[in-house]
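**Q** build me a structure from this.
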Amino acid sequence: MKKKTLILATSIGSLVLIGAVVAALVLTSVLSTHASSNTANGANSSGAIVIDWNKELLHIVQTPGAQPATIHPTRSYAILHAAIYDAIVSITRDAPAYLFSVSAPNGARADAAAAEAGHDALAALYPKWKAALDQQLAGELAAIPNGAGKQQGIQVGQAVATRLIAMRANDGSAATLQPFVPGNQPGDYQLTPPKFAAPVFTNWGNVTPFVLNNAAQFRPGPPPAVTSQAYIQALNEVKSLGQNTSTTRTAQQTVIAKFWAGPPWNLWNEIAENSA
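**A** Numbering: from 1, shown residues only. Next comes the predicted model:
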């Protein structure tokens, strides 16, 4: 496997902790390397399957009310692609597993494993979407020739997804959030107009990481003191560039700000799909 692929695979969990998911990139380049050498086990057709399940998750998290309010979508992206990745490398055996490998016969099909792992992971995370997920799985499996290899691949996908979901069951993501009470000291976060909405995912630093040893492993230092010149300079810059009638913000900066205004975890996955 190419070094690029290994780097992308490692990105699954580490980027979850910094708020940007590129999990859709994990497998597309992995699978492209199998197009000529692993046709028999279905590895060359798994790339499209990976993208299709990523698209389905994008559709789910962009549907109002589908994503649990206290569960960050990046967790779902990581679980989905970790399950698919470990299912495939359990069969191809050409790269280290993210968490674990399961026993897979030589004839097991990687495309069947990818389809089943993607389906089972999302069905566990979004049970209300099971009918749509079942339909997508049925279509993908119908395109794979029947035989022992197909059934073996399905079993691999099922085993990996079940085990991974169980491992993440008590990761702290379902913890009940404590009500946020704004502080009264200079620099303390205050609810912002016009809706004065409470901050969300305030518990996410306590969720078990996917790759890091702990959530604070690469945490940057605190911001400068509110009385410092550095703080004043940064604040004035934000005020100058951020106001809607800014005369210091360039046209390019306006375009950049609008481009990144949406949820970055969704945007990165869309970029990954279009680059695959």
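**Q** how about stretch 158-166 as PDB, C-alpha atoms only?
**A** Extracted in PDB, the C-alpha atoms of stretch 158-166 (Å, rounded to 0.1, in the frame of the first residue of the first chain):
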ATOM      1  CA  GLN A 158     -20.900  -8.100   9.800                       C
ATOM      2  CA  ALA A 159     -18.200  -9.300  12.300                       C
ATOM      3  CA  VAL A 160     -16.100  -6.100  12.000                       C
ATOM      4  CA  ALA A 161     -19.100  -3.700  12.200                       C
ATOM      5  CA  THR A 162     -20.500  -5.500  15.200                       C
ATOM      6  CA  ARG A 163     -17.300  -5.500  17.100                       C
ATOM      7  CA  LEU A 164     -16.400  -1.900  16.300                       C
ATOM      8  CA  ILE A 165     -19.900  -0.700  17.300                       C
ATOM      9  CA  ALA A 166     -19.500  -2.600  20.600                       C
END
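**Q** what segments of this protein are helices?
**A** 3-16, 25-32, 43-61, 73-92, 110-125, 130-142, 148-167, 229-242, 251-259, 264-275 (DSSP state H).
**Q** any idea which of those gets closest to Thr192?
**A** Closest to Thr192 of the helices of the chain is helix 229-242 (CB to CB; 12.4 Å). For every residue, glycine as well, the C-beta is placed using N, CA and C.
**Q** which other residues reach the closest one?
**A** 223-225, 246, 248-249, 253 (CB atoms under 8 Å, 6 or more residues apart in numbering).
**Q** want to throw these into JSON lines with distance to Leu164, pLDDT and neighbour count?
**A** Below are those laid out as JSON lines (distance: CB to CB, whole Å; pLDDT from 0 to 100; neighbours: other CB atoms under 10 Å):
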{"residue": "Pro223", "distance to Leu164": "37", "pLDDT": "90", "neighbour count": "11"}
{"residue": "Pro224", "distance to Leu164": "41", "pLDDT": "93", "neighbour count": "14"}
{"residue": "Ala225", "distance to Leu164": "44", "pLDDT": "93", "neighbour count": "11"}
{"residue": "Ser246", "distance to Leu164": "46", "pLDDT": "93", "neighbour count": "13"}
{"residue": "Thr248", "distance to Leu164": "49", "pLDDT": "95", "neighbour count": "10"}
{"residue": "Arg249", "distance to Leu164": "44", "pLDDT": "96", "neighbour count": "16"}
{"residue": "Gln253", "distance to Leu164": "41", "pLDDT": "94", "neighbour count": "12"}
